Each structure stands twice: as C-alpha cells, then as structure tokens.
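Novice: what shape does this take:
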Amino acid sequence: MKIKKIIAALLATMTLAIGCESEQEYLDEIRVSSSYVAIPAEGGSQTITVRARYAWSLENIPEWLEVTPDSGFDGETEVTFKAKPATATQSAELQLNCKNDSQVINVLQMTEKVDLPLTSLKKFLEAEVGPTTYRIAGTITSIEEISASYKNATLTISDEEGNSVYLYRFGPSSGKKIEELGMEVGDFLTVEGQRGEYKGSPQMAQGGVFISLVKSLIKVDSVTVKIAGSEEFKLYSEPIPLEGADVKAHLTVKGSGLSVVVPDAAKSWISVNAIETSGNNSIVSFSVAANAYGDRTADLTFNTVSGGKTNTAQTSLEQKGAIIETTIDKLLAAEDGATQYRTTGYITNDKGSEYGNIYIKDATGEIYVYGVLDSKGQTKQWKNMGIKEGDIVTVVGPKTSHKGTAQLQNVTVENHIKVQDISLADFRALKDDKT
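Specialist: Purely as a prediction, here's the structure:
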C-alpha cells in the first residue's frame with residue numbers, strides 16, 4: 001500500500017506539470033490557453049482554446065480519452081477533452097503539432113487525492129527549472145491580466161519577507177472560470193505549478209493551477225475626485241486633469257489599524273491629508289498637485305493587520321500631463337509609461353494591418369508604431385484614414401517596448417501631409433502651391 005501511495009504521489013508530481021516551459025516560446029505559430037488538462041475521477045470534460053497560424057493536429061491520444069476535434073486549421077478552435085469514470089489514475093502526454101512548432105498537452109484523470117506540501121516563495125525561486133510541481137502561496141501584489149478569452153490569469157504574489165513570484169498564465173481548477181474567482185490585489189492566493197524562467201527571470205511557468213483564495217480584510221470600495229472649480233466629489237472614472245484635484249479613497253477595513261503607502265516616485269505630487277475611520281469604514285484624503293510634465297500614474301497601497309498578518313489593498317491614480325514634443329532618437333531612449341509624446345516623421349513601411357502598424361522616421365532615427373487610432377479613438381480604422389507610405393504624419397502616444405524594442409502604441413494622428421510621387425521634370429512644370 002505504501003508503494004502504491006508513493007507511485008500516486010510521483011505520478012501527480014510528473015503529470016501535473018505543464019508540457020512547455022512558457023507559452024511565450026510558441027506565439028509565432030501556435031498557443032493554447034492551458035497545456036494542463038485535469039478531468040475528474042467521476043468522468044467529465046475540460047475545454048481549452050487552441051490558436052494557430054497554420055493547420056495543426058494532436059497525436060498520442062489514448063483509448064480512454066476522447067478529443068474533439070483532434071485537428072484543425074488556422075484561427076481559434078475550442079478543443080474538448082472527455083473521459084468516462086475511472087477507478088485508477090490515468091495520464092497522457094499528447095503532442096500538439098503546428099508546422100515547425102510543437103508542444104505537449106498533459107492530461108490527467110486522478111482518482112487518488114494527493115495534496116502537495118506548501119513551498120515557500122524563497123525556496124521556489126531557488127529551485128531548478130524542471131517538471132516538478134510546487135504548491136506556493138502569497139499575497140497578490142499586482143495583476144497583469146485576468147483573461148476570460150484565454151481562460152487564465154497572469155499576476156504576481158509576494159510574501160512578508162519580500163520575495164515575489166510572477167505567475168504566468170495559470171488556469172482555474174476544474175469546473176471553474178478564471179474571471180469568476182474574484183481575485184484582487186491584497187487577496188491571499190494558493191497555486192500549483194512548475195518553476196519556469198523567461199529571459200533569465202524566474203517565474204511559475206504557464207499552465208499552473210489555482211488552488212484557493214482567501215479574501216483580504218481590506219478593500220477599496222470606490223475613489224472619488226473633486227477637480228478645481230467643482231463643488232462636489234465625483235466617482236473617479238478618467239485621468240485626473242493636469243491642474244490637480246482632491247481625491248478620496250473609500251475603504252472597508254476589518255483588521256486593526258490603517259496605514260497608507262505612497263510610492264517614493266509619487267510623493268512629489270501625491271500627499272495624504274487625512275484618514276477618517278468609523279467602524280469598518282475608512283476614508284483616506286489625498287491632494288494631487290498640478291502636473292507640468294507628461295502623463296503619470298501611481299499605485300497607492302493600504303494596509304491593515306490581523307493576527308500578526310498584514311492585509312493589503314491597492315488602487316491606481318492616473319493624471320494627465322502636458323504632451324512632450326520630441327524627436328525619435330530621444331523617444332527611443334525614453335522610459336516606458338503613460339507619458340504622451342508628440343513626434344513627426346515620414347512613413348517608411350506600412351505593415352498592411354488594419355490596426356495601422358507602421359514605421360516612421362525622422363532625421364534622428366526610426367521607430368515602430370503599434371496601432372493607430374482614428375479621430376474618435378477607434379481601432380482597426382487605418383485603411384479608412386487615407387494615409388500611405390511616404391506621407392508625413394505627426395502622432396501622439398505613449399512609448400512602450402516589446403521584447404526589448406522601443407515602440408509607440410495606439411497613437412492618434414494630429415497632422416497628416418500627403419506626399420505625391422512625381423518626376424523632376426513634372427515638378428518643375430507645376431504652378432506654385434502648397435502641395
């Protein structure tokens with residue numbers, strides 16, 4: 001019996017692991033919402049999403065497992081894995097092939113209950129990259145994405161010793177939807193998954209699984225703002241104007257005490273004026289100074305203590321700023337963020353996308369523009385805007401980076417000068433005008 005339990009534990013460790021180290025390696029040709037599929041012992045089904053650029057197929061499907069469909073074409077496909085009730089643990093490693101890329105889909109139908117021991121974040125970070133599955137827990141300190149489309153989430157958890165782990169695209173437990181788990185900054189999250197790495201940075205690899213969530217004892221209920229010239233506070237729904245404003249954060253606090261943390265970088269423009277408490281309800285008042293620079297943001301953290309454990313909640317403030325006029329060489333060297341930049345250049349390359357993915361160039365350099373919005377702020381309107389390669393444009397937008405390469409993202413066009421190709425002889429024959 002002891003041997004049987006050891007085998008079951010080893011099987012759980014091996015088959016709970018995901019089949020590829022990181023989905024980021026497969027974005028060129030194929031990606032999946034999860035490379036780990038768990039089916040209950042009593043039978044049932046689990047569905048994942050396959051997104052492919054070319055035709056794809058699944059191999060090594062065992063008799064006990066039904067996969068529908070087991071092949072497809074380019075685009076998005078919902079793939080369902082179904083199994084009948086089992087009396088013994090069953091596992092399979094399916095090979096997903098798409099042109100030059102492939103990855104493993106791990107399928108597990110486990111009848112034995114195996115709870116992994118809790119590993120500290122410090123030990124998890126020190127562990128080797130490999131197939132071993134770990135159970136870790138920590139407070140959610142930032143949320144990058146909770147995607148109903150991809151059926152997974154990407155966020156960061158931390159412990160009170162200052163250790164942090166980036167969780168890349170972990171999924172819900174069987175029968176759950178990731179968007180219905182109610183995860184928020186400050187909640188205490190437990191997950192299982194492999195130790196992965198991306199570009200030298202440790203993380204929990206894609207395919208981890210949600211285990212449990214303990215809600216924080218502190219929560220930001222709402223944020224209200226009173227701008228200059230206004231008589232009343234209104235719900236915060238858009239960036240604070242550059243003139244500044246008074247801000248109130250309304251919280252529910254069920255722990256002992258309340259403290260506020262303003263990031264060092266934001267202390268020059270955000271100050272705490274007062275903290276008012278009545279029962280479980282608290283209001284923290286801030287002043288936001290006028291902004292003579294570019295757009296800026298800050299994450300404000302609120303803490304309370306219960307049973308020796310610190311509970312946290314967080315809210316973000318964004319303030320509009322002046323648009324910074326710049327040349328492309330200075331733009332390439334600027335920090336990523338919400339600051340708005342204005343630059344002018346001619347279009348050297350139109351990638352042909354309806355989103356307006358183009359390259360623009362001036363005398364100092366060239367930069368990629370990932371997405372152009374129309375005058376109404378709408379995307380996917382590029383082909384209706386009448387702009388072409390060779391034209392001169394003045395654009396405004398934030399500087400971001402993709403895989404270490406600088407770019408502008410979701411810009412608006414402030415000015416457009418059409419450039420007409422013409423021979424020198426025809427040019428000389430033209431009458432004077434402003435074309």
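Novice: where does pLDDT dip in the stretch 51-200 of the chain?
Specialist: Counting by pLDDT under 70, the ranges of the stretch 51-200 of the chain that qualify are 113-114.
Novice: residue ranges of the strands in it, please?
Specialist: With strands called from DSSP state E, counting those that start in this stretch, the stretch 51-200 of the chain shows them at 56-59, 65-68, 71-72, 75-83, 90-98, 101-109, 133-147, 152-158, 164-170, 188-198.
Novice: show me what the fifth one is packed against.
Specialist: Read that as strand 90-98. The contact analysis (3 or more Cβ pairs under 8 Å, 6 or more residues apart in numbering; DSSP states H and E) places strand 90-98 against helix 2-15, strand 30-32, strand 56-59, strand 65-68, strand 101-109. Placement of C-beta: from N, CA and C, glycine included.
Novice: before we move on, back to that, quick one: closest of the strands of the stretch 51-200 of the chain to residue 315.
Specialist: Proximity of the strands of the stretch 51-200 of the chain to residue 315 was assessed by Cβ to Cβ; the nearest stretch is strand 133-147, lying at 12.4 Å.
Novice: show me where the stretch 301-435 of the chain has strands.
Specialist: 309-319, 324-325, 340-350, 357-361, 366-373, 392-402, 405-417.
Novice: picking that back up, quick one: which of the strands of the stretch 51-200 of the chain is nearest residue 330?
Specialist: strand 133-147 (28.3 Å).
Novice: what's the angle between that closest one and strand 309-319?
Specialist: Put simply, strand 133-147 runs at 30 degrees to strand 309-319, going by axes from the mean of the first three to the mean of the last three Cα atoms, to 10 degrees.
Novice: would you mark the buried spots in strand 133-147?
Specialist: Of the residues in strand 133-147, 133-141, 146 count as buried by neighbour count, 16 or more other Cβ atoms under 10 Å.
Novice: ok now that strand, how far from the chain's centre?
Specialist: In terms of Cα atoms, centre = their mean, to the nearest Å, the centre of strand 133-147 is set 12 Å apart from its chain centre.
Novice: equivalent analysis for stretch 398-409, please.
Specialist: For stretch 398-409, the distance to the chain centre is 15 Å (Cα atoms, centre = their mean).
Novice: for stretch 125-142, same thing?
Specialist: 18 Å.
Novice: can I get that stretch as CSV, trimmed to CA atoms?
Specialist: Taking Å, rounded to 0.1, in the frame of the first residue of the first chain, the C-alpha atoms of stretch 125-142 are listed here in CSV:
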residue,chain,number,x,y,z
LEU,A,125,12.8,30.9,-6.5
GLU,A,126,15.9,28.9,-5.6
ALA,A,127,14.6,25.7,-7.2
GLU,A,128,15.8,24.5,-10.6
VAL,A,129,13.7,24.8,-13.7
GLY,A,130,12.1,21.5,-14.4
PRO,A,131,9.0,19.3,-14.3
THR,A,132,8.5,19.2,-10.6
THR,A,133,5.2,20.7,-9.4
TYR,A,134,5.2,23.0,-6.4
ARG,A,135,2.4,24.5,-4.3
ILE,A,136,3.1,28.1,-3.3
ALA,A,137,1.1,30.9,-1.7
GLY,A,138,1.3,34.6,-1.2
THR,A,139,-0.5,38.0,-1.3
ILE,A,140,-1.5,39.2,-4.8
THR,A,141,0.6,42.4,-5.2
SER,A,142,-0.2,43.2,-8.9
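Novice: domain parsing of the chain, as residue ranges.
Specialist: Following automatic domain parsing, one finds the domains of the chain at 2-109, 121-214, 218-319, 324-417.
Novice: figure out the length between the terminal residues of the second one.
Specialist: Counting by Cα to Cα, to the nearest Å, the length from the leading to the trailing residue of domain 121-214 is 17 Å.
Novice: cool, the last one as well?
Specialist: Between the opening and closing residues of domain 324-417 we find a distance of 21 Å, counting by Cα to Cα.
Novice: next one: that domain to chain centre, how far?
Specialist: 22 Å.
Novice: so residue 181 makes contact with residue 172?
Specialist: Yes - using Cβ atoms under 8 Å, residue 181 is in contact with residue 172, at 6.3 Å.
Novice: residues shared between the contacts of those two?
Specialist: Common neighbours of residue 181 and residue 172 (criterion: Cβ atoms under 8 Å, 6 or more residues apart in numbering): residue 210.
Novice: am I right that residue 42 sits in a helix?
Specialist: No - counting by DSSP: H, G, I helix; E, B strand; the rest coil, residue 42 is located in no helix; its state is coil.
Novice: am I right that it is in contact with residue 83?
Specialist: No - the criterion here is Cβ under 8 Å, and residue 42 misses it with residue 83 at 9.9 Å.
Novice: quick one, which of those two is more surrounded?
Specialist: residue 83 (22 against 11; other Cβ atoms under 10 Å).
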